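Participant: test case, fold it:
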Amino acid sequence: MMHGGTNPPRDAVGTREEVGQYNSPLAVHKCIFSLFAMLGTLLQVKQATGNLPSPFVTDHNTVVMLIVDLFAYMGVLATAKILQASNDPDIYGLMNNISLLFGTLALVLLVLLLVPDFGWFTLACWALYFVIIATKSYQPLRRLYTAAVGYVRDKMEELMMRLEGTEEHQNQNGMP
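Facilitator: Numbering: from 1, shown residues only. As a prediction, this is how the structure comes out:
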């Protein structure tokens, strides 16, 4: 089927951007890592320029959330890279979206440590971003859930048939 113009064909589901997947997630993650380096350096400069107490003292909860979020970001990003080779683009897209949410939340938390007033604004923007991604991920998540329920149901039926077959086999051999 030939398509005229420069626009790619659209399928029944929609374009990749419409379902919450990005054409170049690697570029987005590279930007996130660059911003980590820049904001981390700025945080060091801010702490070194005066007699400011450590962020662990002044913003303990924010720092703990940042550390947990960074570990979650790295774990989900590694999982997404592993799933990239899988045959299911829905689960890869979902994991990539989750990793992007964790990565951007870490950036927001760093901004919150550096400039608290602007950090609260960026946190509100991040919450809006979260809602948009969650909305776009609903259909792929629903398909994954439906497929998982069907898979578990089939495996349970297979297990029940095996158990019934084992009981019948034991009864035929005269065992209780």
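Participant: give me the helices and strands touching the helix or strand bottoming out on mean pLDDT in the chain, please.
Facilitator: Using mean pLDDT, DSSP states H and E, helix 55-58 stands out as the lowest-scoring helix or strand of the chain, at a mean of 75. The contact analysis (3 or more CB pairs under 8 Å, 6 or more residues apart in numbering; DSSP states H and E) places helix 55-58 against helix 60-83. The C-beta positions use only the backbone N, C-alpha and C, and glycine is treated the same way.
Participant: so where's this protein shaky on pLDDT?
Facilitator: 1-24, 166-176 (pLDDT under 70).
Participant: let's see 90
Facilitator: 1-31, 33-37, 39-60, 62-63, 77-101, 114-116, 129-130, 132-148, 150-151, 160-176 (pLDDT under 90).
Participant: list the buried ones in the lengthiest helix in the chain?
Facilitator: For the chain, the longest helix by residue count, based on DSSP state H, is helix 138-172. Across helix 138-172, burial judged by 16 or more other CB atoms under 10 Å covers 140-141, 144.
Participant: what of stretch 55-66?
Facilitator: 55, 59, 62-63, 66.
Participant: gap between that stretch and the chain center?
Facilitator: 23 Å (CA atoms, centre = their mean, to the nearest Å).
Participant: contacting residues around it?
Facilitator: The list of residues contacting stretch 55-66 from outside it, by CB atoms under 8 Å, 6 or more residues apart in numbering, reads 43, 47, 52, 106, 109-110, 112-113.
Participant: let's see it at 7 Å
Facilitator: Applying CB atoms under 7 Å, 6 or more residues apart in numbering, the external contacts of stretch 55-66 come out as 106, 109-110, 112-113.
Participant: likewise for stretch 124-131?
Facilitator: 101, 104-105, 108.
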